[in-house]
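> Sequence plus the predicted model coming up.
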Amino acid sequence: MAVLKDILYKVSLQSVSGNMETEVKAIAFDSRKVEAGTAFVAVRGTQADGHEYIEMAIEKGAVAVVCEELPESLVNNVAFVQVKDSSKALGFMAANYYGNPSEKLKLVGVTGTNGKTTCVTLLHQLFRLLGYNAGLLSTVVNKINEEELPATHTTPDAITLNKTLAQMVAKGCTHCFMESSSHAIVQNRIAGLKYEGAVFTNLSHEHLDYHKTFDEYIKAKKLLFDGLPSTAFALVNADDKRGAVMLQNTKAAKHKYALKSMAAFKAKILSNTLQGLELDIDGKSVWFKLIGDFNAYNLLAVYGAAVLLGEDESMVLEQLSSLNPAPGRFEQVNSNTGITALVDYAHTPDALENVLSTIKEFRTGNEKVITVVGCGGNRDKEKRPVMAKIACDLSDKVILTSDNPRFEEPGDILKDMQAGVSPSNFRKTLVIEDRREAIKAACAMAEPNDIILVAGKGHETYQEIKGVRSDFDDRKVLSEMLNLMHQK
Ligand SMILES: CC(=O)N[C@H]1[C@@H](OP(=O)(O)OP(=O)(O)OC[C@H]2O[C@@H](n3ccc(=O)[nH]c3=O)[C@H](O)[C@@H]2O)O[C@H](CO)[C@@H](O)[C@@H]1O[C@H](C)C(=O)N[C@@H](C)C(=O)N[C@H](CCC(=O)O)C(=O)O
Ligand SMILES: Nc1ncnc2c1ncn2[C@@H]1O[C@H](COP(=O)(O)OP(=O)(O)OP(=O)(O)O)[C@@H](O)[C@H]1O
Ligand SMILES: N[C@H](CCC[C@H](N)C(=O)O)C(=O)O
Ligand SMILES: [Mg+2]
């Protein structure tokens with residue numbers, strides 16, 4: 001419960017009518033969730049316009065309406081507040097309503113195309129091992145210490161976000177590590193949050209269906225850094241040319257990590273095997289359980305962030321070396337077949353290229369690399385042929401298949417992917433729409449020592465077809481098919 005004028009603190013108002021002392025019992029941006037006493041915020045979205053649901057919200061008991069455009073007739077006993085940007089207002093209102101929990105925590109946001117989940121998962125594990133109460137907001141799961149809450153988005157909506165941060169504060173958390181997706185940044189889900197620091201991993205082709213141009217996508221990520229206060233730190237990957245762009249207009253203290261460029265946090269890869277990575281950091285050689293060059297960047301980002309949060313360098317390195325990767329990231333599926341079977345969440349061209357290049361490095365002889373991959377429906381179409389090409393260029397056999405076709409026809413997505421397969425690669429490529437059958441075929445063609453990569457879904461436990469999610473876990477299907485095809 002809060003008073004309307006208090007939850008509007010820091011929101012820039014254009015006009016106000018009605019009682020600003022109105023008691024508000026909840027905030028909602030979805031008219032379907034409005035109950036008596038709610039302040040309804042009308043947001044313009046990608047599918048609908050919340051302004052069209054103001055009437056419904058009032059019928060359901062809204063006592064206040066926050067909107068960009070006032071309805072033609074105002075209703076007695078309902079307060080109307082006109083703002084320039086409803087989604088931004090929603091961010092501030094949610095923060096105020098839940099007592100500005102981000103100010104009571106050290107909140108670190110991680111953004112970038114790839115590596116966000118990995119970095120926040122490692123940071124959360126690390127700070128738990130260092131003895132802190134800590135929260136996590138990630139694509140895979142949200143956590144308050146070890147208590148798990150389901151995650152529906154990489155970065156939740158402003159209300160869920162602030163509510164969860166408030167629960168973290170109530171449970172004594174001193175830190176929270178959160179992914180800050182580009183969608184969340186432009187949709188102002190993070191408006192009104194106070195960050196202690198932000199980390200940039202990298203930027204490559206993704207989500208151009210939503211952001212339209214690469215420049216807009218860069219700008220979205222940069223907004224996180226532009227909004228940091230001077231008390232915060234901004235830590236970027238100096239080997240990515242967009243790292244410097246992120247730092248251009250920030251008030252925060254600027255820091256860099258890198259494997260190649262000049263940076264305060266620097267490492268050298270000493271060895272990289274299927275068992276893990278050995279890095280030289282500040283003259284110390286340390287083993288980590290994570291696999292692949294790209295994870296050296298994630299480990300450095302985590303090391304840098306922890307040190308900037310005030311932790312002792314050698315304690316951090318000692319604990320980091322014991323950490324496990326996030327679920328579904330370069331996860332090995334055990335079998336006694338002699339086949340190396342891997343599941344990875346690579347769903348962007350850059351990620352797929354990194355993972356397959358890493359796998360190639362581990363080859364010692366004539367073993368085949370068999371890749372099973374698809375591209376999501378109702379998402380960036382431009383990445384489809386590119387991912388198919390990368391899969392073909394870096395594998396001996398490729399099976400193109402479905403990955404959450406959503407409302408698109410699976411066959412159409414596969415055609416878009418096939419456009420990236422050059423004639424010289426036709427012979428190594430199969431198209432099997434059903435993902436289970438595709439994994440089965442990969443297992444059938446694999447021989448001992450071969451490597452199977454099933455890419456794109458990682459930790460996901462469903463396949464989404466025409467709006468219906470059915471149980472599907474690459475790790476389980478791969479294990480089942482390996483055993484079925486290679487019974488001794
Ligand atoms: C494209 C997109 O990002 N959409 C998100 C956005 O929805 P929207 O604003 O476009 O919603 P809309 O359907 O157009 O409706 C507009 C407004 O009318 C309201 N409405 C609508 C119908 C009604 O009956 N009553 C009503 O009040 C809606 O509640 C909404 O406020 O805001 C919603 C609330 O925060 C999100 O749930 C929704 O995520 C959708 C489901 C989604 O799939 N998002 C993905 C793309 C996403 O956000 N992904 C990123 C990760 C990306 C990455 O880095 O990989 C993430 O952070 O998860
Ligand atoms: N630093 C990195 N650079 C390039 N690729 C990476 C990096 N870290 C992870 N990857 C690849 O990207 C995939 C996704 O990693 P992760 O889940 O950590 O990224 P994310 O940014 O959280 O993705 P999403 O945007 O879907 O939430 C991994 O499975 C791996 O293939
Ligand atoms: N955060 C990304 C994840 C994509 C994962 C892939 N399996 C797919 O469904 O396209 C998205 O929602 O676009
Ligand atoms: Mg993620």
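Happy to help now that I have it. Residues are numbered from 1 along each chain as shown. Ligands and ions are numbered 1, 2, ... in the order given.

> and for stretch 140-149, what are the contacting residues?
Stretch 140-149 is contacted from outside by 117, 121, 124, 128, 133-136, 150-151, 156, 164, 167-168, 171, 173, 326-328, 459, using C-beta atoms under 8 Å, 6 or more residues apart in numbering. (Glycine included, C-beta is placed from N, CA and C.)

> Restricted to helices, list the residues you listed.
Here DSSP state H is the test, and these give 117, 121, 124, 128, 164, 167-168 as lying in helices.

> residues in contact with stretch 407-425?
374-375, 377-378, 381, 384-389, 392-393, 398, 400-402, 405, 429, 431, 433, 465-467.

> buried subset of these?
Neighbour counting by 16 or more other C-beta atoms under 10 Å classes 374-375, 377, 381, 384-389, 392, 398, 400-402, 405, 429, 431, 433, 465 among the contacts of stretch 407-425 as buried.

> Buried ones from the contacts of stretch 140-149, can you make that a ChimeraX selection?
To isolate the buried ones among these in ChimeraX, judged by 16+ other C-beta under 10 Å, type:
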select :117,121,124,128,133,134,135,136,151,156,164,167,168,173,326,327,328,459
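
> Could you list the residues of the stretch 301-450 of the chain in contact with ligand 3?
When proximity is defined by C-beta under 6 Å from any ligand atom, the stretch 301-450 of the chain lies next to ligand 3 at 347, 376, 379, 403-404.

> So residue 107 sits against residue 193, correct?
Yes. Contact criterion C-beta atoms under 8 Å: residue 107 and residue 193 qualify, at 6.4 Å.

> intersection of neighbour lists for the two?
Joint contacts of residue 107 and residue 193 (C-beta under 8 Å, 6+ apart) are residue 165.

> ranges for the helices of the stretch 251-400 of the chain?
Using DSSP state H, counting those that start in this stretch, the helices of the stretch 251-400 of the chain run over residues 293-308, 313-320, 349-362, 383-394.

> CSV please, covering these and showing mean pLDDT.
Formatted as CSV, those follow (pLDDT from 0 to 100):
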stretch, mean pLDDT
helix 293-308, 97
helix 313-320, 96
helix 349-362, 94
helix 383-394, 97
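
> who's in contact with the residue in the stretch 101-250 of the chain positioned nearest to ligand 3?
Residue nearest to ligand 3 within the stretch 101-250 of the chain (C-beta to the nearest ligand atom): residue 154, separated by 5.6 Å. Shown in contact with residue 154 (C-beta under 8 Å, 6+ apart): 116-117, 138-139, 179, 181, 183-184.

> restrict those residues to those near ligand 2?
Applying C-beta under 6 Å from any ligand atom, the subset of these adjacent to ligand 2 comprises 116-117, 139, 179.

> most neighbours, which of the residues you listed?
Within those, residue 116 tops the neighbour count with 28 neighbours, counted by other C-beta atoms under 10 Å.

> ok now do it, which residues does it touch?
Here residue 116 is in contact with 110, 138-139, 154, 179-181, 201 (C-beta under 8 Å, 6+ apart).

> Would you format those residues as TSV with secondary structure included?
Below are the contacts of residue 116 laid out as TSV (DSSP: H, G, I helix; E, B strand; the rest coil):
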residue	secondary structure
110	strand
138	coil
139	coil
154	coil
179	strand
180	coil
181	coil
201	coil
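
> At the contact with ligand 1, which residues of this structure appear?
Within reach of ligand 1 by C-beta under 6 Å from any ligand atom, the chain has these residues: 29-32, 43, 45-48, 50, 53, 153-155, 157, 181-184, 187, 189.

> Now that we have the residues you listed, which of them are buried?
Neighbour counting by 16+ other C-beta under 10 Å classes 29, 31, 43, 50, 53, 153-155, 157, 181-184, 187, 189 among the residues of the chain next to ligand 1 as buried.

> Now do the SS call for residue 224.
The three-state label given to residue 224 by three-state DSSP is helix.

> returning to what we had before: could you restrict the contacts of residue 154 to the ones contacting ligand 4?
116-117, 139 (C-beta under 5 Å from the ion).

> Please name the nearest non-neighbouring residue to residue 483.
In this structure, residue 483 finds its nearest non-sequential neighbour in residue 335, 6.4 Å apart by C-beta to C-beta, 6 or more residues apart in numbering.

> how deep is that neighbour tucked in, by neighbour count?
17.

> ok, now which ones touch it?
Contacts here follow C-beta under 8 Å, 6+ apart; on that basis residue 335 touches 341, 479, 482-483, 486.

> Dump those residues to a markdown table, plus secondary structure, pLDDT and distance to ligand 2.
Conversion of the contacts of residue 335 to a markdown table gives the following (DSSP: H, G, I helix; E, B strand; the rest coil; pLDDT from 0 to 100; distance: C-beta to the nearest ligand atom, whole Å):
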| residue | secondary structure | pLDDT | distance to ligand 2 |
| --- | --- | --- | --- |
| 341 | strand | 96 | 15 |
| 479 | helix | 97 | 19 |
| 482 | helix | 96 | 20 |
| 483 | helix | 92 | 24 |
| 486 | coil | 83 | 26 |
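
> Can I get the lowest-mean-pLDDT helix or strand in the chain in CSV? Just the C-alpha atoms.
Ranked by mean pLDDT, DSSP states H and E, the helix or strand of the chain with the weakest confidence is helix 208-211, at a mean of 73. Extracted C-alpha coordinates of helix 208-211, given in CSV (Å, rounded to 0.1, in the frame of the first residue of the first chain):
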residue,chain,number,x,y,z
LEU,A,208,17.7,-7.2,-35.4
ASP,A,209,14.0,-8.1,-35.8
TYR,A,210,13.4,-6.0,-32.8
HIS,A,211,16.1,-3.2,-32.9
